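A.B. asks: build me a model:
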Amino acid sequence: MTAQLIPDRPAPARTRAAKRRYDAAFIYDVPGPRGRRNILVGSVISVALFAIVIGLGLWQFADHGQLAPERWAPFTEWAIWQYLLVGLLGTLEAAAIVAVLGAVLGVVLALGRVSHVKWVRFVCGLYIEIARTVPVLLVIYLMLFGLPQIGINLPTLWKLVVPLTIANAAVFAEIIRAGILSLPRGQREAALSLGMRPVQAMTYVVLPQAFRNVTPSLVTQFVSLLKDTSLGYIVAFTELLYRGQVLASYLHLLIPTYVAVTVIYLIVNGSLSAFASRLQRGSRRRTTAPPTLPSLPAVAAVEHEDDAAGSVSTPASAPASKADHA
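C.D. replies: Predicted coordinates:
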């Protein structure tokens, strides 16, 4: 018997990965053939209705002269787009500041929510619930009209940044807390068994993995944050929508101006949404990739034992054959 008792385990053959689709089976059951057919019919009807609405809108615009070439001629000049892009830079600046401050405060709140100290959990949870229920517009009005009454007058940028940070920090905290709770408890326990202190285990082991798991959600929240910066027109902050309002008043071209502003928002937010989807697919690919099994070497000792057993049995059978001949 010279066959191997433990055969090699070849690595699974690499097949061409099928195009991944979003799987929402954790929300509802996977639809059957009839359900998929109904979804397809509903999608076709929705697209047709949407096309009809767009067509009627364009027809109304054309009927009222909104599609006349002279109304869109100013937007063929670089000076108009440059004026709007300056507002876009203001939007990105405010969003970046809010993202940094909100992420830092969100980490602190998330750690407080998972803390073992009861009063810390209560305070952080109370802040998150209040910040998520109070409208951002109300906080902006408080910064604009309330604080000057007590002698506090913030710069225009911070009248927008502070309310958005208060609101978005609560959302960031919940996203990060979900990432922390999604990790197995063994990650932290393994770090503690290696001699790390609880703070070191959270900093070097738990938080990096939690951030990696929730990065697509954080990018998606940044897209929502970019849209919230449009409230800057209330405090006269130079952002994209505020510049669009000024330009529409100056050119007396309301619809073409806001169409141009909408196109800019679609390009920026669409790019960020595509980036978030790509990160989500990459994260799902890393977590669902099948492990590659290493190949095991042939067991040579088994072959030597089989050969030895065969050599011992041969002399024993030789006298018997001689006796048979005799």
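
A.B. asks: contacts, neighbours, all on C-alpha from now
C.D. replies: Fine.

A.B. asks: below-threshold pLDDT in this protein: ranges please.
C.D. replies: Applying pLDDT under 70 to the chain flags the ranges 1-29, 280, 282-326.

A.B. asks: again, 80 this time
C.D. replies: Where the chain drops to pLDDT under 80, the residues are 1-31, 64-66, 185, 276-326.

A.B. asks: what segments of it are helices?
C.D. replies: Here the chain has its helices, by DSSP state H, at 33-63, 69-72, 78-113, 118-133, 136-141, 156-181, 185-193, 198-201, 207-228, 240-251, 254-288, 300-325.

A.B. asks: now the ones you listed in JSON lines, with distance to Leu147 and mean neighbour count?
C.D. replies: Output for the helices of the chain, formatted as JSON lines (distance: least, Cα to Cα, whole Å; neighbours: other Cα atoms under 10 Å):
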{"stretch": "helix 33-63", "distance to Leu147": "44", "mean neighbour count": "12"}
{"stretch": "helix 69-72", "distance to Leu147": "43", "mean neighbour count": "13"}
{"stretch": "helix 78-113", "distance to Leu147": "20", "mean neighbour count": "19"}
{"stretch": "helix 118-133", "distance to Leu147": "18", "mean neighbour count": "15"}
{"stretch": "helix 136-141", "distance to Leu147": "9", "mean neighbour count": "17"}
{"stretch": "helix 156-181", "distance to Leu147": "10", "mean neighbour count": "22"}
{"stretch": "helix 185-193", "distance to Leu147": "44", "mean neighbour count": "14"}
{"stretch": "helix 198-201", "distance to Leu147": "38", "mean neighbour count": "14"}
{"stretch": "helix 207-228", "distance to Leu147": "21", "mean neighbour count": "19"}
{"stretch": "helix 240-251", "distance to Leu147": "23", "mean neighbour count": "18"}
{"stretch": "helix 254-288", "distance to Leu147": "32", "mean neighbour count": "15"}
{"stretch": "helix 300-325", "distance to Leu147": "83", "mean neighbour count": "11"}
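
A.B. asks: can you redo those helices as a markdown table with distance to Pro148?
C.D. replies: Listed next are these as a markdown table, based on distance: least, Cα to Cα, whole Å:
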| stretch | distance to Pro148 |
| --- | --- |
| helix 33-63 | 44 |
| helix 69-72 | 42 |
| helix 78-113 | 21 |
| helix 118-133 | 22 |
| helix 136-141 | 11 |
| helix 156-181 | 11 |
| helix 185-193 | 47 |
| helix 198-201 | 41 |
| helix 207-228 | 23 |
| helix 240-251 | 23 |
| helix 254-288 | 32 |
| helix 300-325 | 86 |
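
A.B. asks: do you know which of those helices lies nearest Gln149?
C.D. replies: Smallest distance to Gln149 across the helices of the chain (Cα to Cα): 12.2 Å, for helix 136-141.

A.B. asks: which strands and helices sit next to that closest one?
C.D. replies: Contact analysis of helix 136-141 by 3 or more Cα pairs under 8 Å, 6 or more residues apart in numbering; DSSP states H and E lists helix 156-181 as its packing neighbours.

A.B. asks: so which elements touch the helix it packs on?
C.D. replies: helix 78-113, helix 118-133, helix 136-141, helix 207-228.

A.B. asks: 6 Å instead, please
C.D. replies: Counting contacts by 3 or more Cα pairs under 6 Å, 6 or more residues apart in numbering; DSSP states H and E, helix 156-181 packs against helix 78-113, helix 207-228.

A.B. asks: nearest to Tyr127, of those helices?
C.D. replies: helix 78-113 (8.6 Å).

A.B. asks: now the angle from that closest one to helix 207-228?
C.D. replies: 140 degrees (axes from the mean of the first three to the mean of the last three Cα atoms, to 10 degrees).

A.B. asks: and the residue nearest the centre of this structure?
C.D. replies: For the chain, Pro216 is the residue whose C-alpha lies nearest the centre (Cα atoms, centre = their mean; 1.2 Å).

A.B. asks: distance of it relative to Gln245?
C.D. replies: Distance, Pro216 to Gln245, by Cα to Cα, to the nearest Å: 32 Å.

A.B. asks: got it, and Asn38?
C.D. replies: To Gln245, Asn38 is 43 Å away according to Cα to Cα.

A.B. asks: try Leu67
C.D. replies: 20 Å.
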